[in-house]
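Turn this into a model:
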Amino acid sequence: MNTNNLALRKSGLLPLHSFTKLLTVFFCFAALLLPATAADLQLLINEAISRGEKKIVLPPGEHRLAKGLQLKGLSGVTLEGTGATLIFTNLLDGGILAQDCTELVLRGFTIDFDPLPFTQGTVEKVDPATCEVTFTVHDGYRDLEPLFLKGRAHVFSPKTLSWKTDAPDLYATEAKALTPRQGMLRFAKEKREEFSSISPGDYLALDFRNSRGIRIQRSQGVRLENLTFWSAPSIAVVCRYMDGENFFRYKIERGPLPPGATIPRLLSTSADGLNYAYARTGAIIDNCDFSFMADDGVNLHGIAFYVAKVEGNTLYLLRPYPAEGFDSIIKPGDEALGLDSNSFDVKGRGKVTQFAVKPHTPDEYVKQATQIWKSSAVVTGKVTVYQLDLAAPLAIKAGDFLEIPAIAGPNYIIRNSRFHDHRGRGLRLMSSSGLVENNVIESTKQSGISIGPEFTFAREAGWVHDVIIRNNTVSRCGFDPCMQRAGVYAPGAISIFHRGETPSAPLPEMRHQKIVIEKNRIEESGGSAIHINQSRDVKVTGNTIRKANLKSRPGAGSTYKLTTDKPINVDNSMDVVIDPDQIAP
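Numbering: from 1, shown residues only. Take a look at the predicted model:
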């Protein structure tokens, strides 16, 4: 034995090399307790991957990240973050981007943004002469920067801190900052309904949309477990070009008070809770709780390609974005539906043999894209043309649309979840072969559940079949004044709907098919409890309906010749079975 070391031990001292090891361990442990930067966490993830580790543990605590985290090409990896809060400080490049991953698990952590992607304030003055609303920003919330002055706003009740039930979404003609802490919204005279819904003392929230919470693309077998979102400058979770079994269990809620604030946050995320699209398999959504988003709870949909040119068996399809990942999920043998440009009726069916990006001169189709896509989310000048080869010619022409049902996220499950207190619709379902059961959907501004495509505005598909809506509670839905306008097309707390490119479009022969609405409890709906349009083979059985049509107005839905005056209304449909005695006193 080294007598020097023995003497050191007896004296209570350690040799230098032992002290160095202890010091190294101390600093490593201390590093785990200190907040990490984006570079630190990205390095931790990258180094763990390079060592072949399959479980990566994020240090507990609060971490402020100046840029988003990137997860690329991972297989069988779990990112465990129980006790960790990731606060992204960049609204343009925050959140998590996962690409080309297989069997990826994200678990346990919380996501927030600072600065927040919204600001909020109190209405001080409403001037009927000028149609102007003046408001003051709440302490602790962001100044009125240009990104918030787009005219879009949300009206909240100061008593309930939820959306004001008799106020529609606000789209002001002009929004400007009078000072950094005081703003003004001006409304055109034709927006009188919006303007008249605002009173002094109401709260306003002005949101900003960009970037992501978590974006997952070209991946399969993904699991999100026990995550929490306090805010995000867009959709909480967006999934594109997916395959395999993808599972989601997470919470969206309003986060804690910002420093200096006395009034709670009004919003969580700036857009949907989950937007899942262009996928060969449906999402499995289980035990989620989404609230206070500035848009829909869940949005499942496919694609309506615009047909720019037809040459025999070959179609040239237009999208107003840079090249996307459709080539990773569209397969030979997939069915293609040719859709009429006005009614969206199915004109013909074909089989895909090949799909690829078609090089082209950008200016060639820019004008067409501007005319076809009306959404403000579409950036002018960014256009991609895809070449689709079919086994045989399809009976469609330039100007029509094309849907591929296999990539609309079929075979989905939404169960045991709660969607409440948010803008838009609880569940916006444009995908087929789904089961929706044992959920609670309450206090959504529009429909609690809608089934049907948004071919018209967002160019999202598609025609829906084989869906079961069972044992859900849908309450206090559909009180937004837009639900009683002549132009409403999904007027029920549960709506199966269709609309053409124009209100005068001829009714299509194609119909939503094989839909079951059974054993649901539907209470306190602004309009119809159940509205069925353009459907066939629908069963409505064993439901309990109370207090429907609480805000119904004559003429609601008249633009589309809909009837909306009863708890259950059926238009333009056949083979609809409705059991008696579903209306409770």
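
how far away is Ala84 from Gly61?
Noted for Ala84: a distance of 7 Å to Gly61, by Cβ to Cβ, to the nearest Å. (C-beta placed from N, C-alpha, C; glycine too.)

no no, Glu501
Look at Glu501 and Gly61: by Cβ to Cβ, they are 53 Å apart.

Please tell me how far Leu507 sits from Arg499.
Using Cβ to Cβ, Leu507 is found at 11 Å from Arg499.

That should have said Leu71, apologies.
Look at Leu71 and Arg499: by Cβ to Cβ, they are 39 Å apart.

ok, now His301?
Counting by Cβ to Cβ, the gap from His301 to Arg499 is 15 Å.

Just to be sure, Ala369 is in a helix?
Yes - remark: Ala369 belongs to a helix, assigned using DSSP: H, G, I helix; E, B strand; the rest coil.

what's the nearest residue to it if we skip its chain neighbours?
Nearest residue to Ala369 in three dimensions, chain neighbours excluded: Pro320, at 4.0 Å (Cβ to Cβ, 6 or more residues apart in numbering).

Can you check the pLDDT for that neighbour?
Per-residue pLDDT puts Pro320 at 88.

Can you list phi and psi of it for me?
phi -90, psi 40 (degrees, to the nearest 10).

Report pLDDT for Val378.
Note for Val378: predicted pLDDT of 63.

Show me the domain layout of this protein.
1-33, 36-113+215-295, 118-207, 304-406, 413-585 (automatic domain parsing).

can I get those domains in CSV with mean neighbour count?
Shown next, in CSV, are these (neighbours: other Cβ atoms under 10 Å):
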stretch, mean neighbour count
domain 1-33, 10
domain 36-113+215-295, 20
domain 118-207, 18
domain 304-406, 17
domain 413-585, 21
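
Confidence-wise, which of the ones you listed is weakest overall?
Least confident of those, judged by mean pLDDT, is domain 1-33 with a mean of 37.

give the contact list for the closest residue to Gln534 other than its chain neighbours.
Using Cβ to Cβ, 6+ apart and skipping the chain neighbours, the partner closest in space to Gln534 is His498 (3.8 Å). Listed by Cβ atoms under 8 Å, 6 or more residues apart in numbering, the contact partners of His498 are Phe344, Gly452, Pro453, Tyr489, Pro508, His512, Asn533, Gln534, Asn572.

and Gly73, what does it touch?
Listed by Cβ under 8 Å, 6+ apart, the contact partners of Gly73 are Gln99, Asp100, Cys101.

Confirm for me that Arg254 is in contact with Ala294.
No - assessed by Cβ atoms under 8 Å, Arg254 is found out of contact with Ala294, at 11.6 Å.

what do the two both touch?
Leu267.

mind listing the strands in the stretch 451-585 of the chain by residue range?
Using DSSP state E, counting those that start in this stretch, the strands of the stretch 451-585 of the chain run over residues 465-470, 473-477, 494-496, 512-518, 521-525, 530-533, 535-541, 544-546, 568-571, 574-578.

Name the strands paired with the last one and say parallel or antiparallel.
Right, the one you point to is strand 574-578. Strands that pair with strand 574-578, judged by DSSP bridges, come out as strand 535-541 (parallel).

got the angle between the strand it pairs with and strand 465-470?
Interaxial angle, strand 535-541 versus strand 465-470 (axes from the mean of the first three to the mean of the last three Cα atoms, to 10 degrees): 20 degrees.

With Ile111 as the reference, measure out to Gly409.
Taken as Cβ to Cβ, the span from Gly409 to Ile111 is 23 Å.

whoops, I mixed them up, Val440
Distance, Val440 to Ile111, by Cβ to Cβ: 24 Å.

the helices in the stretch 51-200 of the chain, which residues?
Ranges of helices in the stretch 51-200 of the chain, per DSSP state H, counting those that start in this stretch, are 192-196.

residue ranges for the strands of it, please.
Taking DSSP E, counting those that start in this stretch to define them, one finds strands in the stretch 51-200 of the chain at 55-57, 61-65, 69-72, 78-80, 84-88, 96-99, 105-107, 110-113, 118-127, 132-137, 152-156, 170-171, 174-179, 182-186.

Return the alpha-carbon coordinates of the second one using PDB.
Coordinates of each C-alpha in strand 61-65 appear next as PDB, following Å, rounded to 0.1, in the frame of the first residue of the first chain:
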ATOM      1  CA  GLY A  61     -35.500  22.400 -14.500                       C
ATOM      2  CA  GLU A  62     -36.200  25.300 -16.800                       C
ATOM      3  CA  HIS A  63     -34.100  25.700 -20.000                       C
ATOM      4  CA  ARG A  64     -34.300  28.800 -22.200                       C
ATOM      5  CA  LEU A  65     -33.500  27.900 -25.800                       C
END
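
That strand packs against which elements?
For strand 61-65, the elements it packs on are helix 38-50, strand 84-88, judged by 3 or more Cβ pairs under 8 Å, 6 or more residues apart in numbering; DSSP states H and E.

Identify the residues contacting stretch 51-58?
Taking Cβ under 8 Å, 6+ apart as the rule, stretch 51-58 contacts 36, 41, 44-45, 48-49, 76-81, 84, 86, 109.

distance between it and the chain's centre?
30 Å (Cα atoms, centre = their mean, to the nearest Å).

what's the span of that stretch, first residue to last?
Start-to-end span of stretch 51-58 (Cα to Cα, to the nearest Å) is 16 Å.

likewise stretch 467-481?
Start-to-end span of stretch 467-481 (Cα to Cα) is 29 Å.

what's the answer for stretch 203-215, then?
OK, stretch 203-215 end separation, Cα to Cα: 31 Å.

Same question for stretch 402-419.
Terminal residues of stretch 402-419 are spaced 32 Å apart (Cα to Cα).

Next: stretch 508-520.
The straight-line separation of the ends of stretch 508-520 (Cα to Cα) is 29 Å.

Which residues does it contact?
The contact list for stretch 508-520, computed with Cβ under 8 Å, 6+ apart, reads 340, 343-346, 451-452, 463-474, 494, 496, 498, 500, 530, 534-544, 573-574.

contacting residues around Ser537?
One thing to correct before we go on: residue 537 is Asp, not Ser. Gln513, Lys514, Ile515, Asp575, Val576.

Please read the previous query as pertaining to Asp114.
Arg64, Ile87, Phe88, Thr89, Pro258.

hmm, which two among the residues you listed are most spread apart?
Phe88 and Pro258 (14.8 Å; Cβ to Cβ).

picking that back up, so, if you compare the contacts of Asp114, which one comes nearest to Pro585?
Nearest member of these to Pro585, counting by Cβ to Cβ, is Pro258, at 46.9 Å.

Roughly how far does the closest one sit from His138?
Distance, Pro258 to His138, by Cβ to Cβ: 9 Å.
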